[in-house]
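> Build me a model from this:
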Amino acid sequence: MSAAPQQAPKVAMVLAAGLGTRMRPLTDDRPKALVEVDGKALIDHMLDRLAAAGVETAVVNVHYFADRLEAHLARRAATHPLPRIVISDERPQALETGGGVKHALPLLGDTPVWVANIDSIWIEDASAMEAVARAWDPATMDVCLMLASTTQSLGFHDTGDVFLEDDGAIRFKVAGETAPLVYVGVHITKPRIVADGPDGPFSLTPIWKALAAEGRVHGVAPDGVWMHVGDPQARDAAEARLAGDA
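Model prediction:
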């Protein structure tokens with residue numbers, strides 16, 4: 001893999017506090033982040049991607065089976081020094097995507113960061129994260145999303161999420177539209193976009209839509225196959241694809 005672009009963030013927020021209700025019974029005794037795909041926990045798939053992209057510190061939020069996730073991350077640290085793990089504790093209340101990032105702001109700092117879900121894995125021809133980092137331009141955008149074609153992804157919305165304009169800006173679909181691209185769970189953002197969000201749980205999506213209306217949300221759709229591991233059937237489908245059986 002080539003060296004990470006100079007503008008690639010060195011800090012990441014890993015969203016691992018979800019209840020994983022759709023993943024039951026696999027999450028009856030563990031957080032979704034510790035469900036294994038191809039013999040490796042979902043969170044380790046993402047942390048390995050972040051490490052390869054040059055991330056030095058990963059802030060991981062915890063809620064459901066928080067103790068078990070923290071113990072797993074401590075064991076990982078013994079053999080994987082990077083990224084260094086910092087815990088953002090959401091034991092009292094899971095705060096969703098926007099609330100989770102806002103709660104972690106003191107740990108993330110003021111410079112742009114990666115934000116990553118733990119339920120997306122992919123097979124790539126080149127570094128997808130490097131493509132996002134190369135596209136990132138803080139002068140013209142506040143968010144840069146990793147996208148995939150609905151025909152190159154499994155387990156995401158069949159009707160898509162967004163359209164990609166010629167200049168890289170995105171437009172969210174409106175009611176009744178079918179969009180060609182889906183958001184696949186990884187992006188670069190300026191952390192301050194959540195600073196004025198409400199206390200408690202809230203989603204990033206309304207913030208993105210407001211910023212997109214100003215042309216401040218861009219996206220990149222690298223070549224590859226993306227898999228959303230949202231339920232046991234999707235886990236099985238992802239394992240089959242990784243094994244070359246589907």
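> what's the longest helix along the chain packed up against?
Criterion DSSP state H: the longest helix present in the chain is helix 66-79. Identification of packing neighbours for helix 66-79 by 3 or more C-beta pairs under 8 Å, 6 or more residues apart in numbering; DSSP states H and E yields helix 42-52, strand 57-62, strand 84-89. Every residue, glycine included, has its C-beta placed from N, CA and C.
> what stretches of the chain score poorly on pLDDT?
1-6, 245-246 (pLDDT under 70).
> hey, where'd the strands end up in it?
Listed in chain order, the strands of the chain (DSSP state E) span 11-15, 36-37, 40-41, 57-62, 84-89, 113-117, 120-124, 143-149, 153-154, 162-164, 170-172, 181-189, 217-220, 224-228.
> got TSV for those strands, with distance to residue 106 too?
Formatted as TSV, the strands of the chain follow (distance: least, C-beta to C-beta, whole Å):
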stretch	distance to residue 106
strand 11-15	12
strand 36-37	32
strand 40-41	27
strand 57-62	10
strand 84-89	9
strand 113-117	13
strand 120-124	26
strand 143-149	21
strand 153-154	34
strand 162-164	31
strand 170-172	29
strand 181-189	16
strand 217-220	25
strand 224-228	30
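> and those as a markdown table, adding distance to residue 25 and mean neighbour count?
Listed next are these as a markdown table, based on distance: least, C-beta to C-beta, whole Å; neighbours: other C-beta atoms under 10 Å:
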| stretch | distance to residue 25 | mean neighbour count |
| --- | --- | --- |
| strand 11-15 | 22 | 25 |
| strand 36-37 | 14 | 17 |
| strand 40-41 | 17 | 16 |
| strand 57-62 | 21 | 24 |
| strand 84-89 | 26 | 17 |
| strand 113-117 | 21 | 25 |
| strand 120-124 | 21 | 21 |
| strand 143-149 | 29 | 25 |
| strand 153-154 | 21 | 20 |
| strand 162-164 | 33 | 19 |
| strand 170-172 | 34 | 20 |
| strand 181-189 | 23 | 24 |
| strand 217-220 | 35 | 25 |
| strand 224-228 | 19 | 22 |
